[in-house]
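1. Predicted model, plus sequence, below.
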Amino acid sequence: MAFPGCSLLLPTAPSRFDVAPDVSSVFPGLNFAMQVALSEAQVREVEQASPQGLTSAELVAVFSGRAVKFSEATLRKYVQLGLVPRSRRVGRKGKNLGSRGVYPVRAVRRINTIKRLMAERYTIEEIQARFLTFKDNIETLDEALGELVRLFDDRITEQPPTPLRDRLTRELSAVKDSAHLLLTGVHRLEKLIIAAGEGSRPRGGGAASTTELL
């Protein structure tokens, strides 16, 4: 479709997240449908592309660049409420470049879940209770086990090929299986407890106030 008098300039190279430009800013007179949240495929794409984390600007771009309403002000509010983990300072590569704040990549999935819950008319109080009761501890456990297994693996790899190394490898394999079973059980129990709590909640919940729909 042609737009007389309009010149659409697109970037010559894809961005880090390979998202389309914000066409609503190019054609402000047109209405473009906004999504409630990212799809699971989109979340996984970001997780795979940015395992080391994202800056606040990159985190906002993950959503706004995919037609999901989100801003840095909303991000700051989520962090203040304890819904999203805080950023950490990470040094920039190069001399005298200082550091920057980086959010763990799991913040993407956390924000996306909040978006979905709000669309289902959950209140901020309900979301806070759901996340702060289990979610942070489960994620900390998951990350700690993953890091511990990685350290074990690195140390065993340094060993020369001997019967002892073979034994250590078998022990590590058993630890990995146990860790997987533990995390699977923890996630299953969390879902059962949350489902039990939702059973007494009126379907659809109450209407969220303006301050709740951040």
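-> Okay, I see it.

2. After the helix or strand where Asp154 lies, which helix or strand is next? Please name it.
-> Following DSSP states H and E, one finds Asp154 within helix 136-157. Next helix or strand after helix 136-157 toward the C-terminus (DSSP H and E): helix 163-198.

3. just checking, Leu117 touches Ile127?
-> Yes: with contact defined as C-beta atoms under 8 Å, Leu117 reaches Ile127; the gap is 5.3 Å. Every residue, glycine included, has its C-beta placed from N, CA and C.

4. Below-threshold pLDDT in the protein: ranges please.
-> 1-33, 92-98, 131-132, 198-214 (pLDDT under 70).

5. Using the record's assignment, carve it into domains.
-> Here the domain parsing of the chain from automatic domain parsing is 14-119, 121-214.

6. Switch those domains over to TSV; also include mean neighbour count.
-> Putting the domains of the chain into TSV (neighbours: other C-beta atoms under 10 Å) gives the following:
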stretch	mean neighbour count
domain 14-119	15
domain 121-214	13
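
7. centroid residue for the protein?
-> Val108 (2.3 Å; C-alpha atoms, centre = their mean).

8. tell me the contacts of Val149?
-> Leu172, Val175, Lys176, Ala179 (C-beta atoms under 8 Å, 6 or more residues apart in numbering).

9. Swap in 10 Å and give it another go.
-> Each residue near Val149 by C-beta atoms under 10 Å, 6 or more residues apart in numbering is listed here: Leu172, Val175, Lys176, Ala179, His180.

10. and if you look at Ser178?
-> Ser178 makes contact with Leu145, according to C-beta under 10 Å, 6+ apart.

11. and with 6 Å instead?
-> For Ser178, no contacting residues are found, by C-beta atoms under 6 Å, 6 or more residues apart in numbering.

12. Equivalent analysis for Arg86, please.
-> Arg86 sits next to Val79 when contact means C-beta under 6 Å, 6+ apart.

13. for it, helix, strand, or coil?
-> Counting by DSSP: H, G, I helix; E, B strand; the rest coil, the backbone at Arg86 sits in coil.

14. phi, psi of it?
-> phi -70, psi 160 (degrees, to the nearest 10).

15. For Glu40, see how far away it is.
-> Separation of Arg86 from Glu40 (C-beta to C-beta, to the nearest Å): 25 Å.

16. do Pro85 as well
-> 20 Å.

17. And for the strand or helix carrying Arg44, what's in contact with it?
-> Using DSSP H and E, Arg44 sits in helix 40-49. With contact meaning C-beta under 6 Å, 6+ apart, helix 40-49 is reached by Val62, Val105, Val108, Arg109, Asn112.
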